[in-house]
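**Student:** This is the structure alone, sequence omitted:
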């Protein structure tokens, strides 16, 4: 009888180890991992940054103001990893847990950064944080990596310090600087589709022990999603088949609080998918745009077609002289049907007196031609926005980013946007993101 009881106990332990929902993610027949998480806009009611006193128009204007900071980022970081990203410009957050047992943090997300970091105890001269700080001594799976070149790359932000620890230093354009120890630990995600916990071991991240910051006290760290070697996407690699995607909610979908971010192969919507090759895959995700068609007129890019896909930027930004030509074409199509208005805050160059409902009925769509018969059609609601009950503006502005245009979040709303890093392509499929 005692032997039977012992055997049952052993089987229960083995079963709980292999079948616990927190021990692994959902896998398909090919063994690849796929799961979704909430992709929280900072102005959402789910965000600690949410300002309930702001109207939807004021929140949108705040997002556009953050764009101005974000546009100062530069294409190539130097050897000291000085990123021109302003951390207060970041638009989206993601809930993750670090360690065993899982310690929850709410981190800002950036597709233009590769380092993952959070503040850790003991934290000296660190920026004030409203939430508790991660204590690595409590985690059973935390491990500092050695200075061995196979683990500590000793380039970019990583280096071997005088105490023979793999450390890092990273600074940002807003004056924030973070330094600490490079470690690995288990990271756990709460799946937004089925509520399961997805735990992934041996994720390399920065355990920040010193920071100087203009970083907001409500942001517990950063999750980098760039193509860089240190990003979460690159580290997951083959486990997610080198793919991720998101579906951004419409601008003023007030009763829906979170967009969706998908790791791995995403569910394909029943619509036509436009697949565009990635032409640069180093610091950012860059496409090559040949022209923009508005009505029956074509605006050629004339060699200025490098355009970065970035959900963290609100508007779409085009380089000169393309932007001026596009404004002229838009004016020709819209001025004849709507009266011109003025944005008193000078955030938008072109506005008209109209209601939000008029956008889809009266305003033109944009056709983005990437060559080889690859055309992405953006409905009017992706290129025009309502900034007040009776004023609609063009959601495209002049880029101050040297040598690069940006396809921003408004242009991507209600599209499933999938990044296939292995295939080096981004696909766009029109869908209803409120039901994604």
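**Tutor:** Great, that's in hand. Only a predicted model underlies this, so the values are computations on that prediction, with no experimental measurement involved. Residues are numbered from 1 along each chain as shown.

**Student:** hang on, isn't residue 110 packed against residue 221?
**Tutor:** No. Applying CB atoms under 8 Å as the test, residue 110 and residue 221 come out as separate, 11.2 Å apart. (C-beta placed from N, C-alpha, C; glycine too.)

**Student:** Which residue ranges of the stretch 51-200 of the chain form strands?
**Tutor:** With strands called from DSSP state E, counting those that start in this stretch, the stretch 51-200 of the chain shows them at 82-83, 92-98, 103-110, 117-124, 143-144, 158-160, 166-172, 177-190, 197-212.

**Student:** no wait, the stretch 301-436 of the chain
**Tutor:** So, for the stretch 301-436 of the chain - with DSSP E, counting those that start in this stretch - the strands run 306-309, 316-318, 340-341, 351-353, 366-369, 375-378, 384-388, 391-394, 396-398, 405-407, 415-420, 425-430.

**Student:** export the ones you listed to JSON lines and tack on mean pLDDT?
**Tutor:** What follows is the strands of the stretch 301-436 of the chain, written out as JSON lines (pLDDT from 0 to 100):
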{"stretch": "strand 306-309", "mean pLDDT": "94"}
{"stretch": "strand 316-318", "mean pLDDT": "96"}
{"stretch": "strand 340-341", "mean pLDDT": "94"}
{"stretch": "strand 351-353", "mean pLDDT": "97"}
{"stretch": "strand 366-369", "mean pLDDT": "98"}
{"stretch": "strand 375-378", "mean pLDDT": "98"}
{"stretch": "strand 384-388", "mean pLDDT": "95"}
{"stretch": "strand 391-394", "mean pLDDT": "97"}
{"stretch": "strand 396-398", "mean pLDDT": "96"}
{"stretch": "strand 405-407", "mean pLDDT": "95"}
{"stretch": "strand 415-420", "mean pLDDT": "95"}
{"stretch": "strand 425-430", "mean pLDDT": "96"}
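
**Student:** can you put those strands in TSV and add mean neighbour count and distance to residue 211?
**Tutor:** Shown next, in TSV, are these (neighbours: other CB atoms under 10 Å; distance: least, CB to CB, whole Å):
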stretch	mean neighbour count	distance to residue 211
strand 306-309	22	27
strand 316-318	25	30
strand 340-341	14	44
strand 351-353	19	41
strand 366-369	20	40
strand 375-378	18	40
strand 384-388	22	36
strand 391-394	22	38
strand 396-398	22	32
strand 405-407	26	28
strand 415-420	22	30
strand 425-430	19	33
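
**Student:** Any chance of CSV for the ones you listed, columns distance to residue 203?
**Tutor:** CSV is the format used below for those (distance: least, CB to CB, whole Å):
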stretch, distance to residue 203
strand 306-309, 24
strand 316-318, 33
strand 340-341, 49
strand 351-353, 46
strand 366-369, 35
strand 375-378, 33
strand 384-388, 37
strand 391-394, 41
strand 396-398, 37
strand 405-407, 29
strand 415-420, 19
strand 425-430, 24
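
**Student:** Out of these, flag the one nearest residue 236.
**Tutor:** Each of these has some distance to residue 236 by CB to CB; the shortest is strand 415-420, at 12.3 Å.

**Student:** what are the pairing partners of the closest one, and which direction each?
**Tutor:** Within its sheet, and counting by DSSP bridges, strand 415-420 is paired with strand 243-247 (antiparallel), strand 425-430 (antiparallel).

**Student:** any chance of those strands in CSV, plus distance to residue 328?
**Tutor:** Output for the strands paired with strand 415-420, formatted as CSV (distance: least, CB to CB, whole Å):
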stretch, distance to residue 328
strand 243-247, 33
strand 425-430, 27
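
**Student:** Residue 405 pairs with what?
**Tutor:** Applying DSSP bridges to residue 405 gives these bridge partners: residue 307.

**Student:** So it is in contact with residue 317, correct?
**Tutor:** Yes. With contact defined as CB under 8 Å, residue 405 and residue 317 form a contacting pair (5.8 Å).

**Student:** so where's the stretch 201-350 of the chain uncertain?
**Tutor:** Judged by pLDDT under 70, the stretch 201-350 of the chain has its weakly predicted residues at 213-216, 254-256, 268-270.

**Student:** Run through the helices of the stretch 151-300 of the chain in chain order.
**Tutor:** Along the stretch 151-300 of the chain, counting by DSSP state H, counting those that start in this stretch, helices occupy 232-236.

**Student:** So for stretch 316-328, what gets flagged as buried?
**Tutor:** If you call a residue buried by 16 or more other CB atoms under 10 Å, then stretch 316-328 has these buried ones: 316-319, 322-323, 325-327.

**Student:** Could you list the low-pLDDT ranges of the stretch 51-200 of the chain?
**Tutor:** Filtered on pLDDT under 70, the stretch 51-200 of the chain yields the residue ranges 72-89, 154-155, 172-175.

**Student:** how far away is residue 115 from residue 223?
**Tutor:** 9 Å (CB to CB, to the nearest Å).

**Student:** what's the overlap in contacts for residue 405 and residue 317?
**Tutor:** Residues touching both residue 405 and residue 317 (CB atoms under 8 Å, 6 or more residues apart in numbering): residue 399.

**Student:** quick revisit: can you check which of the strands of the stretch 51-200 of the chain gets nearest to residue 57?
**Tutor:** The closest of these to residue 57 is strand 92-98. By CB to CB, the value is 20.2 Å.

**Student:** Just checking: what are the partner strands of that closest one?
**Tutor:** Note on strand 92-98: by DSSP bridges, its sheet partners are strand 35-41 (antiparallel), strand 103-110 (antiparallel), strand 177-190 (antiparallel).

**Student:** Quick one: distance of the longest one to the chain centre.
**Tutor:** What that stands for is strand 177-190. In terms of CA atoms, centre = their mean, to the nearest Å, the centre of strand 177-190 is found 18 Å from the chain centre.

**Student:** Taking strand 166-172 as reference, get the angle to that strand.
**Tutor:** Strand 177-190 runs at 100 degrees relative to strand 166-172, counting by axes from the mean of the first three to the mean of the last three CA atoms, to 10 degrees.

**Student:** same thing with the shortest one?
**Tutor:** Interaxial angle of strand 35-41 relative to strand 166-172 (the same axes, to 10 degrees): 40 degrees.

**Student:** try the second one
**Tutor:** Using the same axes, to 10 degrees, one finds that strand 103-110 and strand 166-172 are set 50 degrees apart in direction.

**Student:** list the buried ones in strand 103-110?
**Tutor:** Buried residues in strand 103-110, defined by neighbour count with 16+ other CB under 10 Å: 103, 105-110.

**Student:** before we move on, what about the longest one?
**Tutor:** By neighbour count on 16+ other CB under 10 Å, the buried set for strand 177-190 is 178-190.

**Student:** ok, the residues you listed vs residue 291, which is closest?
**Tutor:** Closest to residue 291, out of all of the buried residues of strand 177-190 and judged by CB to CB, is residue 189, at 39.8 Å.

**Student:** what is that closest one paired to in the beta sheet?
**Tutor:** Under DSSP bridges, the beta-bridge partners of residue 189 are residue 198.

**Student:** Cheers, nothing more for now.
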